[in-house]
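*Asks:* have a look; sequence and predicted model below, questions after that.
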Amino acid sequence: MTTAAVTAGERTAKAKPATMAQALGRALRDSMAEDPTVHVLGEDVGTLGGVFRITDGLAKEFGDERCTDTPLAEAGILGAAVGMAMYGLRPVVEMQFDAFAYPAFEQLISHVAKMRNRTGGAMPLPITVRVPYGGGIGGVEHHSDSSEAYYMATPGLHVVTPATVEDAYGLLRASIASDDPVVFLEPKRLYWSKADWSPEHPTAVEPIGRAVVRRPGRSATLITYGPSLPVCMEAAQAAVEEGWDLEVVDLRSLVPFDDETVAASVRRTGRAVVVHESTGFGGPGGEIAARITEQCFHHLEAPVLRVAGFDIPYPPPMQERHHLPGVDRVLDAVARLQWEADN
Amino acid sequence: MTVQELPGAAAYRPTPPPAWKPLTDPAPLLPDPEPYRVLGTDAVADADPELLLRLYAELVRGRRYNAQATALTKQGRLAVYPSSTGQEACEIAAALVLEERDWLFPSYRDTLAAVARGLDPVEALTLLRGDRHTGYDPRTHRIAPLCTPLATQLPHAVGLAHAARLKGDDVVALAMVGDGGTSEGDFHEALNFAAVWKAPVVFLVQNNGFAISVPLAKQTAAPSLAHKAVGYGMPGRLVDGNDAAAVHQVLSEAVARARSGGGPTLVEAVTYRMDAHTNADDATRYRGDSEVEAWRDHDPVQLMERELTGRGLLDDEGVEEARAAAERMAAALRERMNADPELDPMDLFTHVYAEQTAQLREQAARLRQELAAENDQHGTEDGGTAR
């Protein structure tokens, strides 16, 4: 098990409330300052600083050749990034919104993910593709998709998603430094979540691929990531009243998948619920549940359950609260884990 | 212009100036109405005889290479070969106009361009043989992997050229695409990016008449593919793709323009694919013999040979010499391709990520076990036979 959570005692006096958006911006800035080959490109990333202001100030500090406003064309942006990486640069691409990334899928799948493999290791592509994803911000259609299953199904890509301010910084630094392409999924409804943080205080830049136990518990494990982590933490708090002591695992990285941390937790608790807001059918939860079943079958007291978004196109914003898994739906699944009693 | 004001209507106001200013005058960007020719025209007087002889030797070798590779598909040595017979002038010129530091971005039909640039013919064929996706290090040869999806390599060429310019290197990228590929979104996005960024890129469209079976008239309504350049703000050039001297000259000018900071050029080379799309295709279903015959009379190798012999630069002995050299190349290729490539199944897991994931390590271990079991079995069988 890996615990990367920084304890309160380690916090320096300098730490003050910072948002996830600020931590992401700082990670980009620090990466660019340290490594002159890091280039940011995308639609609106320069003068405007990105529609979510993640790239705010980068063009001013590093010039518009390092932080470039491109024509509005996702395949062109990512395709150009491929060529830039072929020539030794380390491009960081912004896709603005989850569903806007779809025109770039061919570049991502046929080239970004495969170039290392196609060239027998001769030409790795260190590209970071930042994709703000998920719902809960009242966006109209095509602004709230959870596309992680598509990316997970593509060998050659790392798929990473932070849920905390610290991880937003640490994981983005690690992604940009990675010699492999990383799809960096930013839970946009957590952009304005805050923590006492400053880049100076000990933020662990973890290698990609390690899950973390956010809350230790004994009666069941909630396995989650990105936007659903706060939901699970709240559910775990509420479950205490019901006599449930829930462990919460934050995956942080979907590819590579940390089987070890997940299996160790489920072996301890004997029960597991996977929670995410992307669709259940064909979604990440199915894969995770299958892996747990294969590795922990004899430790399981109940079937592995999934709490996911419904299997529907992402609903209009006035209906999204019915679609997004909330605390009650998680607690309901936890109640269903009393499998033995029901049988 | 007088404007009649309606009584009671708001006073007429002219359209405000647009928020953008056009950067270019369209007229110089327009291609010539007819494909540019050198061979058989007055322009040939300015051509360097040394260059023409070199182009000729390469054309003869290229023709033989295409024939040999096609023969290798019939012998089962290649899984597939998309022949560029009839298009050798484009392939050779594309390879020869580039300096060593420049980059070539070939499509799946452009093996010959890669070989003419100096790539080992066997390394160039691994994709089509089926043992490796890319049998060479692209950085060593500055040749991107042969690209199977259509036009997706064009934005790569733009990105690479852009990166080179940012680093202060005077590197040019030349990207090759077919007529069908010009319909793809990536073609549009690449040209648009290149023009906006003034990237040192040359786009070479080999218009060979067909996208597998679909003729150009069903592919585009544009006056020519070269005309598409104007919409992006770059010059479009139309050239006879079977005239190696003309293709070489037009591409040289485009490369020089790119290298000196003038930005990208779109070159349409009008040519013809003499063979089917690949050995798996039946071209008689979509085109008639008379059309093919007309193009046979306009063969790139013959055009050059006629020019050179007519001018006394080449005699029978020279022709024989070029053919003998091509034959030696073909024999060597045949011999090397007749050996089975050595494959290590464990390579399947080696180059997916910089570091294997736990999941891949597990799967690799499983395959290793399966292979060991296979070997044991074969060992027993062989042992049995030996006894």
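*Replies:* Received the coordinates, thanks.
*Asks:* got the contact list for residue B:239?
*Replies:* By Cβ atoms under 8 Å, 6 or more residues apart in numbering or on different chains, residue B:239 lies in contact with B:35, B:36, B:246, B:247, B:250, B:267, B:268, B:269, B:270. (C-beta placed from N, C-alpha, C; glycine too.)
*Asks:* can I assume it sits in a strand?
*Replies:* Yes. Counting by DSSP: H, G, I helix; E, B strand; the rest coil, one finds residue B:239 located in a strand.
*Asks:* list the buried ones in stretch B:310-322?
*Replies:* B:314, B:318, B:322 (16 or more other Cβ atoms under 10 Å in any protein chain shown).
*Asks:* what's the neighbour count on the closest residue to residue A:135 other than its chain neighbours?
*Replies:* Nearest residue to residue A:135 in three dimensions, chain neighbours excluded: residue A:144, at 3.5 Å (Cβ to Cβ, 6 or more residues apart in numbering or on different chains). For residue A:144, the count of nearby residues is 28 (other Cβ atoms under 10 Å in any protein chain shown).
*Asks:* tell me the phi and psi of residue B:60?
*Replies:* phi -60, psi -40 (degrees, to the nearest 10).
*Asks:* that one: neighbouring residues, count only.
*Replies:* Applying other Cβ under 10 Å, I find that residue B:60 has 23 neighbouring residues.
*Asks:* helix, strand, or coil at residue A:18?
*Replies:* Relying on three-state DSSP, one would call residue A:18 strand.
*Asks:* next: the one 3 residues further on.
*Replies:* Local secondary structure at residue A:21 is given as helix here, using three-state DSSP.
*Asks:* quick one, helices of the stretch 1-150 of chain A?
*Replies:* In the stretch 1-150 of chain A, the helices defined using DSSP state H, counting those that start in this stretch lie at A:20-34, A:58-62, A:74-86, A:105-106, A:115-118, A:148-152.
*Asks:* for the residue of the stretch 151-300 of chain A found nearest chain B, give me phi and psi.
*Replies:* Proximity of the stretch 151-300 of chain A to chain B (Cβ to the nearest Cβ) peaks at residue A:256, 3.9 Å away. Backbone torsions of residue A:256, given as degrees, to the nearest 10, read phi -70, psi 160.
*Asks:* check contacts around it.
*Replies:* Neighbours of residue A:256 in contact, by Cβ under 8 Å, 6+ apart: A:158, A:208, A:209, B:353, B:357, B:358, B:359.
*Asks:* so which of these belong to helices?
*Replies:* Using DSSP state H, the subset of the contacts of residue A:256 located in helices is B:358, B:359.
*Asks:* if any of the contacts of residue A:256 are buried, give me the PyMOL selection for them.
*Replies:* Here is the PyMOL command that picks out the buried ones among these, judged by 16+ other Cβ under 10 Å:
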select buried, (chain A and resi 158+208+209) or (chain B and resi 353+357)
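*Asks:* between the contacts of residue A:256, which sits nearest residue A:303?
*Replies:* residue B:359 (23.0 Å; Cβ to Cβ).
*Asks:* for the buried residues of stretch B:310-322, which one is nearest residue B:214?
*Replies:* Nearest to residue B:214 among these, with distances taken as Cβ to Cβ, is residue B:322, at 35.8 Å.
*Asks:* the residue nearest to residue A:135 contacts residue A:100, correct?
*Replies:* No. Taking Cβ atoms under 8 Å as the definition, residue A:144 is not a contact partner of residue A:100, at 11.7 Å.
*Asks:* against which helices or strands is the strand ranked longest in chain A packed?
*Replies:* Selection of the longest strand in chain A by residue count, based on DSSP state E, yields strand A:272-279. Contacts defined by 3 or more Cβ pairs under 8 Å, 6 or more residues apart in numbering or on different chains; DSSP states H and E place strand A:272-279 against helix A:148-152, strand A:220-224, helix A:284-296, strand A:305-309, helix A:327-336.
*Asks:* just name the most buried of these.
*Replies:* strand A:220-224 (a mean of 29; mean count of other Cβ atoms under 10 Å in any protein chain shown).
*Asks:* hmm, the host helix or strand of residue B:268 in reach of chain A?
*Replies:* Per DSSP states H and E: residue B:268 is located in strand B:265-270. No. On the criterion Cβ under 8 Å from any Cβ of the partner chain, strand B:265-270 is out of touch with chain A, staying 15.8 Å away.
*Asks:* related to what we said a few turns ago, can you put the helices and strands packed on strand A:272-279 in JSON lines and add distance to residue B:203 and mean pLDDT?
*Replies:* Below are the helices and strands packed on strand A:272-279 laid out as JSON lines (distance: least, Cβ to Cβ, whole Å; pLDDT from 0 to 100):
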{"stretch": "helix A:148-152", "distance to residue B:203": "31", "mean pLDDT": "98"}
{"stretch": "strand A:220-224", "distance to residue B:203": "47", "mean pLDDT": "98"}
{"stretch": "helix A:284-296", "distance to residue B:203": "40", "mean pLDDT": "98"}
{"stretch": "strand A:305-309", "distance to residue B:203": "43", "mean pLDDT": "98"}
{"stretch": "helix A:327-336", "distance to residue B:203": "53", "mean pLDDT": "97"}
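*Asks:* these into JSON lines, with extra columns for distance to chain B?
*Replies:* What follows is the helices and strands packed on strand A:272-279, written out as JSON lines (distance: least, Cβ to the nearest Cβ, whole Å):
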{"stretch": "helix A:148-152", "distance to chain B": "12"}
{"stretch": "strand A:220-224", "distance to chain B": "17"}
{"stretch": "helix A:284-296", "distance to chain B": "9"}
{"stretch": "strand A:305-309", "distance to chain B": "20"}
{"stretch": "helix A:327-336", "distance to chain B": "26"}
